[in-house]
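**Q** The amino acid sequence is not available; the structure is as follows:
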Ligand SMILES: Cc1cc2nc3c(=O)[nH]c(=O)nc-3n(C[C@H](O)[C@H](O)[C@H](O)COP(=O)(O)O)c2cc1C
């Protein structure tokens, strides 16, 4: 897994454990409540408590300084590097998720950024060039996943 993770050179992770993990979810709840309708606040508190009850949080970043270097080096593709970076970080997250599942963890992909960007940067003292992309709370699941309705293969695959 590590080898695959190193493929994304502009992807960086913070592993937040213990007190830092708790603080992250306390901050997220504090930011979310004023943005949430009063009748949904109970559900919000429950959801965030579920993430906080997990074991740790991975915060996923793109280091914009590396993207900037690529833009400067290859002007012909300059406007594309941000898109490519989003694709790479998606694959990076998938590899991470597979690795976590293999080790017996449950993990989900959350996006409370950009609302939490300033608070997270302060808490974790990350460099200014790191752009927060997602949060992956992980732990041992205490519930089974409810079934999802997936599209049929014929709906998404066009064979010619
Ligand atoms: C800025 C913002 C970002 C959010 N991001 C996520 C998210 O990444 N994942 C998620 O499950 N819910 C997200 N939510 C939803 C809140 O957790 C929501 O208030 C909660 O889910 C309410 O419960 P409901 O989903 O049953 O309505 C977000 C809400 C806001 C205001």
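**A** Looks like it came in fine. Please read all numbers here as calculations on a predicted model, not as lab measurements.
**Q** Around the ligand, pick out the residues from the protein.
**A** For the chain, the residues in contact with the ligand (C-beta under 6 Å from any ligand atom) are 32, 35, 36, 40, 43, 44, 47, 110, 111, 112, 115. Every residue, glycine included, has its C-beta placed from N, CA and C.
**Q** so where's the chain shaky on pLDDT?
**A** Residue ranges of the chain with pLDDT under 70: 1-6.
**Q** Pull out the buried residues from the residues of the chain next to the ligand.
**A** Among those, the ones that count as buried by 16 or more other C-beta atoms under 10 Å are 32, 44, 47, 112.
**Q** Secondary structure class of the third one, three-state.
**A** Assigned with DSSP: H, G, I helix; E, B strand; the rest coil, residue 47 falls in the helix class.
**Q** And for the first one?
**A** The three-state assignment at residue 32 reads helix, by three-state DSSP.
**Q** so it touches residue 45, yeah?
**A** No: here residue 32 does not reach residue 45: they are 9.0 Å apart, not a contact under C-beta atoms under 8 Å.
**Q** I'd like to know how far residue 57 sits from residue 16.
**A** Residue 57 sits 5 Å away from residue 16 when distances are taken as C-beta to C-beta, to the nearest Å.
**Q** Specify which residue of those two has the higher count of neighbours.
**A** residue 57 (25 against 21; other C-beta atoms under 10 Å).
**Q** now the more buried one: how far from residue 104?
**A** 17 Å.
**Q** returning to what we had before: could you single out the nearest of the buried ones among the residues of the chain next to the ligand to residue 155?
**A** residue 47 (30.0 Å; C-beta to C-beta).
**Q** can you list residues touching both of residue 57 and residue 16?
**A** By C-beta atoms under 8 Å, 6 or more residues apart in numbering, residue 57 and residue 16 have these common neighbours: residue 24.
**Q** Next up, the contacts around residue 83.
**A** Residues in contact with residue 83 (C-beta under 8 Å, 6+ apart): none are found.
**Q** Turn the residues of the chain next to the ligand into a markdown table, including secondary structure and distance to residue 86.
**A** Below are the residues of the chain next to the ligand laid out as a markdown table (DSSP: H, G, I helix; E, B strand; the rest coil; distance: C-beta to C-beta, whole Å):
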| residue | secondary structure | distance to residue 86 |
| --- | --- | --- |
| 32 | helix | 24 |
| 35 | helix | 24 |
| 36 | coil | 27 |
| 40 | helix | 29 |
| 43 | helix | 29 |
| 44 | helix | 27 |
| 47 | helix | 25 |
| 110 | strand | 17 |
| 111 | coil | 12 |
| 112 | coil | 18 |
| 115 | coil | 19 |
